[in-house]
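J.: Sequence unavailable; structure follows:
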């Protein structure tokens, strides 16, 4: 793909802006409190924008237009559950986290139950976040590789290296502010593509939307009662509610942002802003896919090759490379949007993995060895945090390359993390909805057994075509299984976080 001078200028301006914002807002890191929580002085609106950037990721930027291009707007059904899940986090989980003044959400579990629960939940977070972020890194890298015809391996390594660089330097402040900027970049790119498609597609916009409607491309709701229909509204409503509670309430990657706000009220405000902003953003990317359909339907000479149609993650990148004009800045903006979607999800994962490694493992390990943090400076822990960013960056590259042969990465990410999210959410719900239920070691059994059950279901379905349970139910089963087992035992010791 060729880029014109103006396209290159847009890409260059994006790169310089990200570097400048990351360096400026990430300066002055003197402790892990600054590095992980930004001194708890971050603006709620900027935090809300950064959550949008992380949540959208390359999977949404690349995958959602492909879904509406090939199918319809069924994906939008998940928004209702997404909204409900955020409201429940605002009133159930955030008050507990702020009341305990924790750095990571797993630190809260340690205070409520004990070290076994804290360690198990942290390890489950590692597993879900490493797989999920690895798939997100792969989705963005595939897009760049398709657009520029570059080797996938080197694109993955290059994209990860950029995110590792500014995350290592500036911590959560650099992450929040660069992500807010990157959210604006890929949203501007999405809007620009929509305007372009309205202009270049033959016919009026009313005629084009009418043809999409007649072709069934705007179909959204499926009201069937079958519990194993993965596109039924009530199935996706239940799934999305619990999935989003887990993703934004028990996953340090996204919860860490809310904890950087000065107080509970501002943290709640950041998430509610995100909840309302989510609807138009999802519609934006679904509309791109629909308009792509009308464009190709009206331009028979511009058909997408079958080899591209076989992989959802290649459809939108192919459109960017082959249809968007060079030399007007539009193609450069869209490529910058792909980079922005990649960086905004990758940097936050690195920050969250590092904060969990230091707060929930490294610091307690030194304490058990007799150090207790005494005599060990914050500079030491700050250095350790940066080392962990480097290590996790290398691990995410390995995971991304391991998933390179998978198709339909958007739904694949939901399936894999759905195996783990239920166990995590179940134990957090026990913590905030009961006062004396949940035994430390028994909680570990409850969480790990839920994962084992779901893995068994997945293997039975894939290898022996038996015991079919639609993937949206996996997080529901895991949550219910963990909660029911955990409440069977009383909390052995009184929780210092309860009054």
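T.: Structure's in. What do you need? Keep in mind that this is a model prediction, so the values were computed, not measured. Numbers count the residues shown, from 1 in each chain.
J.: for the lowest-mean-pLDDT helix or strand in the chain, the distance to its chain's centre please.
T.: Ranked by mean pLDDT, DSSP states H and E, the weakest helix or strand in the chain is helix 32-37, scoring a mean of 76. Here helix 32-37 shows a centroid-to-chain-centroid distance of 21 Å under the convention C-alpha atoms, centre = their mean, to the nearest Å.
J.: Quick check: what element follows it along the chain?
T.: Using DSSP states H and E, the helix or strand that directly follows helix 32-37 along the chain is helix 44-58.
J.: which residues are contacting that following helix?
T.: The contact list for helix 44-58, computed with C-beta atoms under 8 Å, 6 or more residues apart in numbering, reads 136-137, 139-140, 143, 175-177, 179-180, 182-184, 186, 247-248, 253-254, 257-258, 260-261, 266-267, 269-271, 273-274, 277-278, 281, 338, 340-342, 344-345, 348. Bear in mind the C-beta positions are built from the backbone N, C-alpha and C, glycine included.
J.: Return the subset of those lying in helices.
T.: Members of those lying in helices (criterion: DSSP state H): 136-137, 139-140, 143, 175-177, 179-180, 182-184, 186, 247-248, 253-254, 257-258, 266-267, 269-271, 273-274, 277-278, 281, 338, 340-342, 344-345, 348.
J.: Show me which of those residues are buried.
T.: When these are checked for burial by 16 or more other C-beta atoms under 10 Å, the buried set is 136-137, 139-140, 143, 175-177, 179-180, 182-183, 186, 247-248, 253-254, 257-258, 266-267, 269-271, 273-274, 277-278, 281, 338, 340-342, 344-345, 348.
J.: Would you mind confirming that residue 400 makes contact with residue 155?
T.: No: the pair residue 400 and residue 155 fails to qualify as a contact (C-beta atoms under 8 Å) at a distance of 9.8 Å.
J.: neighbour count winner among those two?
T.: Neighbours per residue (other C-beta atoms under 10 Å) separate residue 400 from residue 155, with residue 400 holding more: 27 against 23.
J.: Could you measure from the more buried one over to residue 179?
T.: The gap separating residue 400 from residue 179 is 19 Å, by C-beta to C-beta, to the nearest Å.
J.: what does residue 394 give?
T.: Taking C-beta to C-beta as the measure, residue 394 and residue 179 are separated by 22 Å.
J.: contacting residues around the closest residue to residue 338 other than its chain neighbours?
T.: Of all residues not flanking residue 338 in the chain, residue 143 sits nearest, at 4.8 Å (C-beta to C-beta, 6 or more residues apart in numbering). Listed by C-beta under 8 Å, 6+ apart, the contact partners of residue 143 are 58, 61-62, 313, 316-317, 320, 338.
J.: One more: residue 15?
T.: Under the criterion of C-beta under 8 Å, 6+ apart, residue 15 has no contact partners.
J.: State the helix or strand in which it lies.
T.: Of the helices and strands defined by DSSP H and E, residue 15 is found in helix 5-25.
J.: can you give me how far that helix is from the chain middle?
T.: Taking C-alpha atoms, centre = their mean, one finds helix 5-25 lying 23 Å from the centre of the chain it belongs to.
J.: can you give me the mean pLDDT across it?
T.: For helix 5-25, the mean pLDDT works out to 84.
J.: so how far is residue 481 from residue 172?
T.: Taking C-beta to C-beta as the measure, residue 172 falls 33 Å from residue 481.
J.: I misspoke; the intended subject was residue 132.
T.: Relative to residue 481, residue 132 is positioned 21 Å away (C-beta to C-beta).
J.: neighbour count winner among residue 172 and residue 481?
T.: residue 172 (30 against 21).
J.: ok, that one - contacts?
T.: The neighbourhood of residue 172, defined by C-beta under 8 Å, 6+ apart, consists of 35-38, 42, 256-257, 260, 351, 355.
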